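A.B. asks: Just need the structure, nothing else, for what follows:
(2 chains)
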Amino acid sequence: AQTVTQSQPEMSVQEAETVTLSCTYDTSESNYYLFWYKQPPSRQMILVIRQEAYKQQNATENRFSVNFQKAAKSFSLKISDSQLGDTAMYFCAFMKLNYGGSQGNLIFGKGTKLSVKP
Amino acid sequence: SQTIHQWPATLVQPVGSPLSLECTVEGTSNPNLYWYRQAAGRGLQLLFYSIGIDQISSEVPQNLSASRPQDRQFILSSKKLLLSDSGFYLCAWSKNANQPQHFGDGTRLSIL
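C.D. replies: All right, here's what the predicted structure looks like:
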(Lines give C-alpha, C1' and ligand atoms only; values in the text may rest on other atoms or scores of the structure.)
Protein backbone atom coordinates (compact mmCIF):
# COMPACT_ATOMS: atom_id res chain seq x y z
CA ALA A 1 0.00 0.00 0.00
CA GLN A 2 1.09 3.52 -0.68
CA THR A 3 1.75 6.01 2.10
CA VAL A 4 2.45 9.72 2.10
CA THR A 5 4.35 11.42 4.92
CA GLN A 6 4.55 15.11 5.68
CA SER A 7 6.99 15.51 8.54
CA GLN A 8 6.34 19.19 9.24
CA PRO A 9 2.99 19.71 11.02
CA GLU A 10 3.46 23.49 11.07
CA MET A 11 5.71 26.04 9.42
CA SER A 12 5.89 29.78 9.22
CA VAL A 13 7.56 32.19 6.81
CA GLN A 14 7.89 35.93 6.49
CA GLU A 15 6.08 37.60 3.65
CA ALA A 16 8.18 37.77 0.43
CA GLU A 17 10.51 35.01 1.58
CA THR A 18 10.83 31.45 0.31
CA VAL A 19 9.67 28.34 2.11
CA THR A 20 9.96 24.63 1.31
CA LEU A 21 7.46 22.02 2.46
CA SER A 22 8.59 18.41 2.61
CA CYS A 23 6.83 15.27 1.46
CA THR A 24 7.99 11.69 1.16
CA TYR A 25 6.04 8.72 -0.09
CA ASP A 26 6.34 5.00 -0.26
CA THR A 27 5.22 2.94 -3.24
CA SER A 28 6.21 -0.01 -5.37
CA GLU A 29 4.58 1.54 -8.43
CA SER A 30 6.78 2.93 -11.18
CA ASN A 31 4.17 5.14 -12.83
CA TYR A 32 2.21 7.57 -10.69
CA TYR A 33 1.28 11.17 -10.08
CA LEU A 34 2.05 13.49 -7.21
CA PHE A 35 0.09 16.55 -6.22
CA TRP A 36 0.15 19.43 -3.81
CA TYR A 37 -3.21 20.75 -2.68
CA LYS A 38 -3.83 23.88 -0.65
CA GLN A 39 -6.66 24.26 1.86
CA PRO A 40 -7.06 27.85 3.13
CA PRO A 41 -9.19 28.71 6.15
CA SER A 42 -12.21 28.76 3.85
CA ARG A 43 -11.66 24.96 3.68
CA GLN A 44 -11.85 24.71 -0.11
CA MET A 45 -9.30 22.20 -1.43
CA ILE A 46 -7.37 23.76 -4.30
CA LEU A 47 -4.95 22.02 -6.64
CA VAL A 48 -1.59 23.83 -6.56
CA ILE A 49 0.67 21.72 -8.74
CA ARG A 50 1.08 18.21 -10.10
CA GLN A 51 3.97 16.06 -11.24
CA GLU A 52 3.98 12.99 -13.44
CA ALA A 53 6.52 10.46 -12.21
CA TYR A 54 7.75 9.69 -15.73
CA LYS A 55 8.78 13.32 -16.23
CA GLN A 56 12.23 14.22 -14.98
CA GLN A 57 11.60 17.94 -15.23
CA ASN A 58 10.25 19.49 -12.06
CA ALA A 59 6.80 21.06 -12.39
CA THR A 60 6.42 24.83 -11.94
CA GLU A 61 3.34 27.00 -11.55
CA ASN A 62 4.19 30.67 -11.12
CA ARG A 63 5.60 31.05 -7.58
CA PHE A 64 5.18 27.34 -6.83
CA SER A 65 7.70 24.72 -7.85
CA VAL A 66 8.54 21.20 -6.81
CA ASN A 67 11.73 19.24 -6.26
CA PHE A 68 10.88 15.72 -7.36
CA GLN A 69 13.47 13.09 -6.44
CA LYS A 70 12.07 9.79 -7.69
CA ALA A 71 14.82 7.56 -6.35
CA ALA A 72 14.52 9.12 -2.91
CA LYS A 73 10.71 9.17 -3.15
CA SER A 74 10.69 12.80 -2.19
CA PHE A 75 8.40 15.55 -3.47
CA SER A 76 8.93 18.94 -1.84
CA LEU A 77 7.05 22.14 -2.60
CA LYS A 78 8.85 25.48 -2.80
CA ILE A 79 6.86 28.68 -2.48
CA SER A 80 8.75 31.76 -3.60
CA ASP A 81 7.89 35.35 -2.69
CA SER A 82 5.39 34.14 -0.08
CA GLN A 83 2.18 36.11 0.17
CA LEU A 84 -0.32 36.43 3.00
CA GLY A 85 -2.84 34.57 0.85
CA ASP A 86 -0.58 31.53 0.87
CA THR A 87 -1.53 30.90 4.49
CA ALA A 88 -3.21 27.49 4.42
CA MET A 89 -2.90 23.77 5.07
CA TYR A 90 -0.86 22.13 2.34
CA PHE A 91 -1.45 18.49 1.50
CA CYS A 92 0.82 16.26 -0.50
CA ALA A 93 -1.02 13.50 -2.39
CA PHE A 94 -0.11 10.40 -4.38
CA MET A 95 -2.07 8.67 -7.12
CA LYS A 96 -0.95 5.62 -9.03
CA LEU A 97 -1.42 5.41 -12.78
CA ASN A 98 -4.77 3.84 -13.47
CA TYR A 99 -5.83 1.62 -16.33
CA GLY A 100 -9.21 0.69 -17.71
CA GLY A 101 -12.24 1.60 -15.68
CA SER A 102 -10.60 2.07 -12.34
CA GLN A 103 -10.89 5.10 -10.12
CA GLY A 104 -8.14 7.57 -9.30
CA ASN A 105 -7.52 7.04 -5.61
CA LEU A 106 -5.68 9.95 -4.03
CA ILE A 107 -3.61 9.10 -0.97
CA PHE A 108 -3.12 12.20 1.17
CA GLY A 109 -0.54 13.12 3.75
CA LYS A 110 -1.67 14.65 7.03
CA GLY A 111 -0.79 18.15 5.91
CA THR A 112 1.48 21.03 6.86
CA LYS A 113 -0.02 24.19 8.28
CA LEU A 114 1.77 27.15 6.72
CA SER A 115 1.49 30.63 8.20
CA VAL A 116 2.77 33.60 6.24
CA LYS A 117 3.60 36.49 8.57
CA PRO A 118 3.58 40.15 7.53
CA SER B 1 -15.53 25.58 -17.73
CA GLN B 2 -16.33 22.92 -15.20
CA THR B 3 -17.74 23.68 -11.79
CA ILE B 4 -18.67 21.58 -8.80
CA HIS B 5 -21.38 22.47 -6.34
CA GLN B 6 -21.79 20.95 -2.94
CA TRP B 7 -24.46 21.68 -0.34
CA PRO B 8 -25.25 22.45 2.33
CA ALA B 9 -22.12 24.24 3.52
CA THR B 10 -22.90 23.57 7.15
CA LEU B 11 -25.21 21.06 8.79
CA VAL B 12 -26.03 20.30 12.40
CA GLN B 13 -27.91 17.06 12.97
CA PRO B 14 -28.94 15.03 16.03
CA VAL B 15 -27.68 11.51 16.55
CA GLY B 16 -29.93 8.99 14.84
CA SER B 17 -31.25 11.38 12.21
CA PRO B 18 -30.88 10.76 8.45
CA LEU B 19 -28.41 12.53 6.19
CA SER B 20 -28.32 13.61 2.59
CA LEU B 21 -25.46 15.62 1.12
CA GLU B 22 -25.59 16.50 -2.54
CA CYS B 23 -22.90 17.20 -5.08
CA THR B 24 -23.33 18.18 -8.72
CA VAL B 25 -20.83 18.86 -11.48
CA GLU B 26 -21.41 21.12 -14.46
CA GLY B 27 -19.57 21.54 -17.72
CA THR B 28 -18.45 17.94 -18.25
CA SER B 29 -19.95 14.53 -18.86
CA ASN B 30 -19.29 11.12 -17.34
CA PRO B 31 -16.89 12.39 -14.67
CA ASN B 32 -15.36 10.26 -11.97
CA LEU B 33 -16.91 11.34 -8.67
CA TYR B 34 -15.59 11.01 -5.14
CA TRP B 35 -16.66 11.56 -1.53
CA TYR B 36 -13.97 12.25 1.08
CA ARG B 37 -14.12 12.86 4.82
CA GLN B 38 -11.62 15.02 6.65
CA ALA B 39 -11.47 14.59 10.41
CA ALA B 40 -10.15 17.50 12.46
CA GLY B 41 -6.37 17.95 12.03
CA ARG B 42 -6.07 15.08 9.59
CA GLY B 43 -5.82 14.45 5.87
CA LEU B 44 -8.59 13.28 3.61
CA GLN B 45 -9.96 9.78 3.62
CA LEU B 46 -11.71 8.45 0.52
CA LEU B 47 -15.18 7.13 1.34
CA PHE B 48 -16.77 6.40 -2.04
CA TYR B 49 -15.99 6.74 -5.70
CA SER B 50 -18.03 6.35 -8.85
CA ILE B 51 -16.99 5.89 -12.48
CA GLY B 52 -20.55 5.99 -13.83
CA ILE B 53 -24.27 6.07 -13.07
CA ASP B 54 -25.17 3.52 -10.40
CA GLN B 55 -21.52 2.40 -10.23
CA ILE B 56 -20.43 3.04 -6.67
CA SER B 57 -17.49 1.59 -4.82
CA SER B 58 -16.88 1.91 -1.10
CA GLU B 59 -13.41 2.27 0.33
CA VAL B 60 -14.23 2.14 4.01
CA PRO B 61 -17.03 0.18 5.72
CA GLN B 62 -19.18 2.61 7.63
CA ASN B 63 -22.53 4.02 8.46
CA LEU B 64 -22.73 5.93 5.18
CA SER B 65 -23.82 5.11 1.64
CA ALA B 66 -23.55 6.87 -1.70
CA SER B 67 -25.67 6.99 -4.83
CA ARG B 68 -25.32 8.40 -8.32
CA PRO B 69 -28.80 8.71 -9.79
CA GLN B 70 -27.65 10.96 -12.63
CA ASP B 71 -24.40 11.34 -14.54
CA ARG B 72 -23.28 14.47 -12.71
CA GLN B 73 -24.99 14.01 -9.35
CA PHE B 74 -23.44 12.27 -6.38
CA ILE B 75 -25.27 11.89 -3.07
CA LEU B 76 -23.91 10.89 0.33
CA SER B 77 -26.50 9.45 2.71
CA SER B 78 -27.06 7.87 6.06
CA LYS B 79 -30.19 6.37 7.61
CA LYS B 80 -29.02 7.01 11.20
CA LEU B 81 -26.14 9.34 11.99
CA LEU B 82 -23.58 8.51 14.66
CA LEU B 83 -21.46 10.92 16.67
CA SER B 84 -18.42 9.58 14.83
CA ASP B 85 -19.88 10.80 11.52
CA SER B 86 -18.99 14.38 12.41
CA GLY B 87 -16.44 15.93 10.11
CA PHE B 88 -15.81 17.85 6.95
CA TYR B 89 -17.09 16.14 3.80
CA LEU B 90 -15.67 16.95 0.42
CA CYS B 91 -16.95 15.96 -2.99
CA ALA B 92 -14.54 15.86 -5.93
CA TRP B 93 -14.57 15.11 -9.63
CA SER B 94 -12.03 14.23 -12.29
CA LYS B 95 -12.25 13.72 -16.05
CA ASN B 96 -10.86 10.23 -15.67
CA ALA B 97 -8.79 8.20 -13.25
CA ASN B 98 -5.52 9.78 -14.40
CA GLN B 99 -6.55 13.41 -14.19
CA PRO B 100 -6.36 15.66 -11.12
CA GLN B 101 -9.33 15.75 -8.82
CA HIS B 102 -11.12 19.05 -8.27
CA PHE B 103 -12.95 19.61 -5.03
CA GLY B 104 -16.16 21.28 -3.96
CA ASP B 105 -16.32 23.72 -1.06
CA GLY B 106 -17.18 21.01 1.44
CA THR B 107 -19.86 20.44 4.09
CA ARG B 108 -19.15 20.84 7.77
CA LEU B 109 -21.28 18.21 9.52
CA SER B 110 -21.75 18.38 13.28
CA ILE B 111 -23.62 15.65 15.13
CA LEU B 112 -25.19 16.53 18.47
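A.B. asks: Would you point out the helix or strand in the chain whose mean pLDDT is lowest?
C.D. replies: You didn't say which chain, so I picked chain A. One helix or strand of chain A scores below all others by mean pLDDT, DSSP states H and E: strand A:107-108, with a mean of 91.
A.B. asks: Actually, chain B is the one I wanted.
C.D. replies: Using mean pLDDT, DSSP H and E, strand B:55-58 stands out as the lowest-scoring helix or strand of chain B, at a mean of 88.
A.B. asks: which residues does residue 14 contact?
C.D. replies: Picked chain A for this. Residues near residue A:14 by CB atoms under 8 Å, 6 or more residues apart in numbering or on different chains: A:82, A:116-117. Any C-beta I mention is one placed from the backbone N, CA and C, and that applies to glycine too.
A.B. asks: try chain B instead
C.D. replies: Residue B:14 makes contact with B:81, B:111-112, according to CB under 8 Å, 6+ apart.
A.B. asks: Which among the residues you listed count as buried?
C.D. replies: Among these, those classed as buried by 16 or more other CB atoms under 10 Å in any protein chain shown are B:81, B:111.
A.B. asks: Just give me the closest of the contacts of residue B:14 to chain A.
C.D. replies: Nearest to chain A among the contacts of residue B:14: residue B:111, at 18.0 Å, using CB to the nearest CB.
A.B. asks: tally of neighbours for the spatially closest residue to the closest one that is not a sequence neighbour?
C.D. replies: Closest residue to residue B:111 apart from its sequence neighbours, by CB to CB, 6 or more residues apart in numbering or on different chains: residue B:86 at 4.6 Å. Neighbour count of residue B:86, defined by other CB atoms under 10 Å in any protein chain shown: 17.
A.B. asks: just residue B:16 next, same as before
C.D. replies: Considering only other CB under 10 Å, residue B:16 is surrounded by 11 other residues.
A.B. asks: could you list every residue that touches it?
C.D. replies: Listed by CB under 8 Å, 6+ apart, the contact set of residue B:16 reads B:80-81.
A.B. asks: Please apply the same query to residue A:30.
C.D. replies: Taking CB under 8 Å, 6+ apart, we find residue A:30 in contact with residue A:53.
A.B. asks: how would you label it: helix, strand or coil?
C.D. replies: Going by DSSP: H, G, I helix; E, B strand; the rest coil, the secondary structure assigned to residue A:30 is coil.
A.B. asks: so how far is residue A:23 from it?
C.D. replies: Distance from residue A:30 to residue A:23, counting by CB to CB, to the nearest Å: 19 Å.
A.B. asks: What of residue A:10?
C.D. replies: Distance of residue A:10 to residue A:23, given as CB to CB: 15 Å.
A.B. asks: Over to residue B:69?
C.D. replies: Here the criterion is CB to CB. By it, residue B:69 lies 37 Å from residue A:23.
A.B. asks: Which of those two has more residues huddled nearby?
C.D. replies: For residue B:69 and residue A:23, the more surrounded residue by other CB under 10 Å is residue A:23, and the numbers stand at 27 against 9.
A.B. asks: Need the per-residue pLDDT for the nearest residue to the more buried one once chain neighbours are set aside.
C.D. replies: Sequence neighbours aside, residue A:92 is the residue nearest to residue A:23 in space, at 3.5 Å (criterion: CB to CB, 6+ apart). The per-residue pLDDT reported for residue A:92 equals 97.
A.B. asks: Name the SS class of residue B:74, please.
C.D. replies: Under three-state DSSP, residue B:74 falls in the strand class.
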